[in-house]
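Colleague: got a predicted structure here, sequence first:
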Amino acid sequence: GKKKPLVVITRKLPDQVETRMRELFDARLNLEDRPMSQPELVAAVKEADVLVPTVTDRIDAALIEQAGENLKLIANFGNGVDKIDVSAAAKRGITVTNTPNVLTEDTADMTMALLLAVPRRLTEGASLLESGGKWAGWAPTWMLGRRIWGKRLGIVGMGRIGTAVARRAKAFGLSIHYHNRNRVLREVEDELEATYWESLDQMLARMDIISVNCPSTPATFHLLSARRLALMQPQAYLVNTARGDIIDEDALVKLLQEGKIAGAGLDVFENEPVVNPKLVKLASKGKVVILPHMGSATMEGRIDMGEKVIINIRTFIDGHRPPDRVLPLRL
Ligand code: 8YV
């Protein structure tokens with residue numbers, strides 16, 4: 001029969017995804033589960049018919065330049081393609097796909113977890129008991145957080161995840177506000193009773209909680225700049241489950257240290273996997289809750305992502321347009 005395509009997968013995936021990949025393709029798995037080195041990535045793009053990278057691989061123009069004749073598809077295991085130079089790929093005739101939809105609800109759940117955890121001092125309370133016996137007993141004025149219900153939530157980026165966050169937040173009694181390049185459909189706005197802010201600056205200045213849910217692109221790099229972050233209210237909280245570089249992290253740290261905003265819940269960072277030690281220190285004081293990029297990390301989600309990758313590869317190999325093709329950005 002036909003020769004199976006050589007599919008190089010850069011990271012360890014759930015067992016059942018790997019088993020399926022082995023059945024369908026000439027799958028080269030990463031059994032050690034550490035990020036590939038640069039030489040390994042170069043070797044991979046030279047040989048592979050299909051590359052399956054994750055967020056820990058930088059697939060930039062220089063790497064794509066070195067791709068072999070065979071490489072025709074980069075099927076990203078993940079939604080964000082900020083680490084992949086999609087235009088450089090397009091110029092070489094390489095198609096790029098991602099895994100949208102299947103991680104929307106999980107990421108929205110984690111956004112809510114952070115949104116609740118910071119104002120209600122969840123990690124502070126938990127670590128107090130974990131560290132042993134500092135609880136002198138309940139008192140009426142002890143461990144007071146801030147109420148969530150009735151507050152204003154401003155969502156930066158009202159796509160699939162932003163909308164899923166809005167639905168949850170509405171059920172928690174928050175009023176929904178959003179900034180987006182375009183207004184969302186009227187019926188979605190009506191359902192969420194959402195207020196559209198054309199001006200991000202104005203929205204930032206008026207919200208109690210800001211949630212970042214847009215993709216990282218050259219246009220959103222430091223979208224929450226030092227100037228914009230300074231517009232936020234001193235009692236406001238910031239949550240980010242999107243990408244670290246959308247926020248000027250140094251500026252955020254400074255505002256938190258100076259008490260110019262109340263707190264932050266962060267699942268993503270500018271320099272992953274390195275977390276700014278100042279943020280770690282703020283976390284130990286309960287000012288921030290920091291998580292190691294766990295937004296979509298559910299067993300079910302990872303399996304669904306794997307299935308999506310497989311569908312994209314199979315559709316492409318069969319000569320059709322894969323369902324989750326990513327087009328180069330028009331900026
Ligand atoms: C993953 C993500 O952790 O899909 C994304 O954009 O950030 C997460 O789902 C990672 O990207 C998998 O490659």
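Modeller: Received it, and whenever you're ready, just let me know what you need.

Colleague: is the ligand within reach of stretch 39-57?
Modeller: Yes. Applying Cβ under 6 Å from any ligand atom, one finds stretch 39-57 touching the ligand at 54-55. From N, CA and C alone the C-beta is placed, and that goes for glycine too.

Colleague: next, the distance between the ends of that stretch.
Modeller: Terminal residues of stretch 39-57 are spaced 12 Å apart (Cα to Cα, to the nearest Å).

Colleague: buried stuff in that stretch?
Modeller: 41, 44-45, 48-55, 57 (16 or more other Cβ atoms under 10 Å).

Colleague: what residues of the host helix or strand of Thr315 count as buried?
Modeller: Secondary structure assignment for Thr315, by DSSP states H and E: helix 299-317. By neighbour count with 16+ other Cβ under 10 Å, helix 299-317 contains the buried residues 301-306, 308-313, 315-317.

Colleague: turn the buried residues of stretch 39-57 into a markdown table, including secondary structure, distance to Leu24 and pLDDT.
Modeller: Listed next are the buried residues of stretch 39-57 as a markdown table, based on DSSP: H, G, I helix; E, B strand; the rest coil; distance: Cβ to Cβ, whole Å; pLDDT from 0 to 100:
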| residue | secondary structure | distance to Leu24 | pLDDT |
| --- | --- | --- | --- |
| Leu41 | helix | 23 | 97 |
| Ala44 | helix | 18 | 98 |
| Val45 | helix | 21 | 98 |
| Ala48 | coil | 15 | 98 |
| Asp49 | coil | 13 | 98 |
| Val50 | strand | 11 | 98 |
| Leu51 | strand | 16 | 98 |
| Val52 | strand | 12 | 98 |
| Pro53 | coil | 18 | 98 |
| Thr54 | coil | 19 | 96 |
| Val55 | coil | 24 | 94 |
| Asp57 | coil | 22 | 96 |
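
Colleague: between the residues you listed, which is nearest Lys285?
Modeller: Of all those, Val55 has the smallest distance to Lys285: 29.0 Å, by Cβ to Cβ.

Colleague: pretty sure the closest one is touching Gly78, no?
Modeller: Yes. Contact criterion Cβ atoms under 8 Å: Val55 and Gly78 qualify, at 5.2 Å.

Colleague: which parts of the protein sit against the ligand?
Modeller: 54-55, 77-80, 103, 293, 296.

Colleague: who's in contact with the helix holding Thr315?
Modeller: 5, 7, 13-14, 16-17, 20-21, 24-25, 50, 52, 72-73, 75-78, 95, 97, 99, 102-103, 106, 296, 321-325 (Cβ atoms under 8 Å, 6 or more residues apart in numbering).

Colleague: of the residues of the chain next to the ligand, grab the buried ones for PyMOL.
Modeller: Selection of buried members from the residues of the chain next to the ligand for PyMOL, criterion 16+ other Cβ under 10 Å:
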select buried, resi 54+55+77+78+79+80+103+293+296
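
Colleague: which of the residues of the chain next to the ligand fall in strands?
Modeller: Among the residues of the chain next to the ligand, no member falls in strands (DSSP state E).

Colleague: distance to Leu31 for the residues of the chain next to the ligand - can I get that in a markdown table?
Modeller: Shown next, in a markdown table, are the residues of the chain next to the ligand (distance: Cβ to Cβ, whole Å):
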| residue | distance to Leu31 |
| --- | --- |
| Thr54 | 15 |
| Val55 | 20 |
| Phe77 | 16 |
| Gly78 | 20 |
| Asn79 | 25 |
| Gly80 | 25 |
| Leu103 | 24 |
| His293 | 22 |
| Ser296 | 23 |
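
Colleague: max pairwise distance over the residues of the chain next to the ligand: which two?
Modeller: Largest pairwise distance in the residues of the chain next to the ligand, by Cβ to Cβ, is 13.7 Å, between Phe77 and His293.

Colleague: start to end distance for stretch 120-138?
Modeller: End-to-end for stretch 120-138, by Cα to Cα: 16 Å.

Colleague: no wait, stretch 215-229
Modeller: Terminal residues of stretch 215-229 are spaced 18 Å apart (Cα to Cα).

Colleague: and stretch 196-204, by the same measure?
Modeller: Stretch 196-204 has an end-to-end distance of 12 Å (Cα to Cα).

Colleague: and what of stretch 111-130?
Modeller: 24 Å.

Colleague: buried stuff in it?
Modeller: So for stretch 111-130, counting by 16+ other Cβ under 10 Å, buried means 111-125.

Colleague: okay, and which of those map to helices?
Modeller: 111-117, 122-125 (DSSP state H).

Colleague: quick one, strands of this structure?
Modeller: With strands called from DSSP E, the chain shows them at 6-9, 26-28, 50-52, 73-75, 95-97, 152-156, 175-179, 195-196, 209-212, 237-240, 263-266, 288-290.

Colleague: dump those to TSV, plus distance to Ala88.
Modeller: Formatted as TSV, those follow (distance: least, Cβ to Cβ, whole Å):
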stretch	distance to Ala88
strand 6-9	18
strand 26-28	23
strand 50-52	13
strand 73-75	10
strand 95-97	10
strand 152-156	28
strand 175-179	30
strand 195-196	34
strand 209-212	26
strand 237-240	27
strand 263-266	30
strand 288-290	33
